[in-house]
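K.L.:
Okay, structure incoming, though there's no sequence with it:
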Ligand code: PAF
């Protein structure tokens, strides 16, 4: 396990000298099958994979769950070993302390533009700045060739693609599909906060996205009609409080009045104090 940026740099340099490409899977730990699917994809495409585990304080607002965010390092390491993510000793883990990532005197952050101000940005104004800063630090520290992120955090991937392109970071971003529980709930480290009743109700998220897809495929192009049906479906869950239902352009995330051939439908819904995200990328 690597804990310093200097060790991470020399690890990557040794891999590059050995002719291997390096994939990076940035995580905040509390690993589940969604994370493991990213590791597997990285192992498939790259010679070596670095999984970073770091609960990044900069992306949490003071009223959010930084303190109670699940920290399950031992189990995370076991999962990475057990799941066959390390078939040829391919995976290295980077677990820095906060003081390694943000040493005394740290005073810089990445300002993200308009793409970070919609959707999540409305209720979490400083969130993407914190994500962009830590992700850019991880890119630079790891010197990885490719980085892997889950589609569940669709806007996060768009923001990271934007900063990577705008700042000419020489690294490829790969977005991997959402991994779901058998009943359709998108896997998330925050699902464990749900009560049993909320967990049952949370299935409406994926069901409402399926409904949207059915409507679009059967010819309803009007976004307002789809948005209304999705909203009504989510509201059948007694504890669901909708933050947004958006039908947007897959790259700019600007709302689309009508869907022609492609759109992303994005949801954020609260159950008690737990805020869940889900989305569906629709292509005709
Ligand atoms: O998606 C996450 O877990 C985090 O936002 C990330 C990308 C690891 C940055 O802290």
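P.N.:
Ah, there it is. Note that the structure is predicted; figures quoted are calculated from it, not measured. Numbers count the residues shown, from 1 in each chain.
K.L.:
my guess is residue 112 meets residue 128, correct?
P.N.:
Yes. With contact defined as Cβ atoms under 8 Å, residue 112 counts as touching residue 128 (4.7 Å). In this view, the C-beta of every residue, glycine as well, is placed from N, C-alpha and C.
K.L.:
So for those two, which residues contact both of them?
P.N.:
Listed as contacting both residue 112 and residue 128 by Cβ atoms under 8 Å, 6 or more residues apart in numbering are residue 159.
K.L.:
And these two? Which one has more around it.
P.N.:
residue 128 (27 against 21; other Cβ atoms under 10 Å).
K.L.:
check contacts around the more buried one.
P.N.:
So residue 128 contacts 59, 112, 116, 120-121, 155-156, 159 (Cβ under 8 Å, 6+ apart).
K.L.:
What residue, apart from its backbone neighbours, is nearest it spatially?
P.N.:
residue 116 (3.6 Å; Cβ to Cβ, 6 or more residues apart in numbering).
K.L.:
So the one you found sits against residue 125, correct?
P.N.:
No. If you go by Cβ under 8 Å, residue 116 and residue 125 don't touch, sitting 9.0 Å apart.
K.L.:
Please say which of those two ends up with more neighbours.
P.N.:
Taking other Cβ under 10 Å, residue 116 and residue 125 do not tie; residue 116 has more neighbours (26 against 12).
K.L.:
Any figure for the gap between the more buried one and the ligand?
P.N.:
Residue 116 sits 12 Å away from the ligand, going by Cβ to the nearest ligand atom, to the nearest Å.
K.L.:
What does residue 20 show for phi and psi?
P.N.:
Note on residue 20: its backbone torsions stand at phi -100, psi 150 [degrees, to the nearest 10].
K.L.:
now the strands: where do they sit in the protein?
P.N.:
Using DSSP state E, the strands assigned to the chain run over residues 22-27, 48-53, 91-94, 146-150, 172-176, 240-248, 262-271, 274-283.
K.L.:
Run the chain-centre distance for the fifth one.
P.N.:
Okay, so that is strand 172-176. Offset of strand 172-176 from its chain centre (Cα atoms, centre = their mean, to the nearest Å): 11 Å.
K.L.:
likewise the fourth one?
P.N.:
On the basis of Cα atoms, centre = their mean, strand 146-150 sits 9 Å off its chain's mean C-alpha point.
K.L.:
Kindly report the same for the last one.
P.N.:
Centroid displacement of strand 274-283 relative to its chain, using Cα atoms, centre = their mean, is 11 Å.
K.L.:
List the buried residues of that strand.
P.N.:
The neighbour-count check on strand 274-283 (16 or more other Cβ atoms under 10 Å) flags 274-282 as buried.
K.L.:
Just the angle for that strand relative to strand 172-176, thanks.
P.N.:
Angle, strand 274-283 to strand 172-176, by axes from the mean of the first three to the mean of the last three Cα atoms, to 10 degrees: 100 degrees.
K.L.:
Over to the second one?
P.N.:
Taking the same axes, to 10 degrees, one finds strand 48-53 and strand 172-176 inclined to each other by 70 degrees.
K.L.:
For the ligand, tell me whether strand 48-53 is touching it.
P.N.:
No. Judged by Cβ under 6 Å from any ligand atom, strand 48-53 makes no contact with the ligand; its nearest approach is 7.0 Å.
K.L.:
which other helices and strands contact that strand?
P.N.:
Here strand 48-53 touches helix 5-17, strand 22-27, helix 33-45, helix 73-82, strand 91-94, helix 127-142, going by 3 or more Cβ pairs under 8 Å, 6 or more residues apart in numbering; DSSP states H and E.
K.L.:
again, 10 Å this time
P.N.:
In this structure, strand 48-53 packs against helix 5-17, strand 22-27, helix 33-45, helix 73-82, strand 91-94, helix 127-142, strand 146-150, with contacts taken as 3 or more Cβ pairs under 10 Å, 6 or more residues apart in numbering; DSSP states H and E.
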